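*Asks:* no sequence on hand, only this structure:
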């Protein structure tokens, strides 16, 4: 099964320089940098490093995921952020687990073995609250519904009919995976400290969006 790595960037030049050299090109069949309009030299640096760069046309985190999905033909896709939060070592782990027959494999930052160096008290509480709501509402057993670090097959992505263009994007992948009865598992992982750049998530605004998404997905159950 072929795999494409989709690295999402928006003013992440420091993280790009430190993290992407640790990603071994033999791990995957394709690496695509999806940029949301960086002004700090991220795009130029990525090209200098030899990576294919595409510019997303639809704004938002989900817009970047969709752009990456459309830009490759691989059988599966890894969503990755080169900002220090995700470890490159997760990449071969995700591929190995997916090859056991899963539709999605998610790195969980909130298992009992996880170490989280970036999420504060509010973010940790919020994640656990939304995990609880998704599990109760849609019959899941997640410990982390919001982490972008995951691998998903092309078939699974297609049947989800992905259309969440903002920061609710990964929660939609989690919810609709349950609604479609996809085979999903989690791998215990960590969240490292951000390297430079600015954090993109604004907790309270995103919290409202996530809450509304759960309501809509429940009311309009059919995907």
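*Replies:* Noted; the coordinates are in hand. Note that this is a predicted model, so its numbers are computed, not measured.

*Asks:* what about the chain, any weak spots by pLDDT?
*Replies:* Across the chain, residues meeting the criterion (pLDDT under 70) sit at 117-123, 197-202.

*Asks:* spatially central, which residue of it would that be?
*Replies:* Nearest to the geometric centre of the chain sits residue 148, at 1.8 Å (C-alpha atoms, centre = their mean).

*Asks:* residues in contact with that one?
*Replies:* Contacts for residue 148 (C-beta atoms under 8 Å, 6 or more residues apart in numbering) come out as 8, 61, 65, 79, 80, 81, 86, 169, 170. To be clear about C-beta, it is placed using only N, CA and C from the backbone, and glycine gets the same treatment.

*Asks:* go again using 10 Å as the cut-off
*Replies:* Residue 148 makes contacts with 6, 8, 61, 64-65, 78-81, 85-86, 106-107, 167, 169-170, 173, as judged by C-beta atoms under 10 Å, 6 or more residues apart in numbering.

*Asks:* list the contacts of residue 46.
*Replies:* The contact partners of residue 46, by C-beta under 10 Å, 6+ apart, come to 7, 9, 12-13, 16-17, 20, 31-33, 35, 38, 52-53, 82.

*Asks:* quick one on the thing from earlier: filter the contacts of residue 148 down to the buried ones.
*Replies:* 6, 8, 61, 64-65, 78-81, 85-86, 106-107, 167, 169-170, 173 (16 or more other C-beta atoms under 10 Å).

*Asks:* which of those fall in helices?
*Replies:* 61, 64, 65, 169, 170, 173 (DSSP state H).

*Asks:* now tabulate those residues in JSON lines and tack on distance to residue 91.
*Replies:* Shown next, in JSON lines, are these (distance: C-beta to C-beta, whole Å):
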{"residue": "61", "distance to residue 91": "19"}
{"residue": "64", "distance to residue 91": "18"}
{"residue": "65", "distance to residue 91": "17"}
{"residue": "169", "distance to residue 91": "20"}
{"residue": "170", "distance to residue 91": "17"}
{"residue": "173", "distance to residue 91": "18"}
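
*Asks:* wait, residue 35 sits on residue 54?
*Replies:* Yes. Residue 35 lies in contact with residue 54 (C-beta atoms under 10 Å); the separation is 7.4 Å.

*Asks:* coming back round to it: who wins for most neighbours among the contacts of residue 46?
*Replies:* residue 12 (31 neighbours; other C-beta atoms under 10 Å).

*Asks:* which ones are touching it?
*Replies:* Taking C-beta under 10 Å, 6+ apart as the contact definition, residue 12 lies against 18-20, 33, 35-36, 38, 40, 42, 45-46, 81-84, 194-198, 200.

*Asks:* can you tell me which of the residues you listed are in helices?
*Replies:* 18, 19, 42, 45, 46.

*Asks:* from those, which is closest to residue 154?
*Replies:* residue 46 (23.9 Å; C-beta to C-beta).

*Asks:* distance check, that closest one against residue 86.
*Replies:* Counting by C-beta to C-beta, to the nearest Å, the gap from residue 46 to residue 86 is 16 Å.

*Asks:* repeat for residue 58
*Replies:* Using C-beta to C-beta, residue 58 is found at 23 Å from residue 86.

*Asks:* do residue 65 as well
*Replies:* Taken as C-beta to C-beta, the span from residue 65 to residue 86 is 14 Å.
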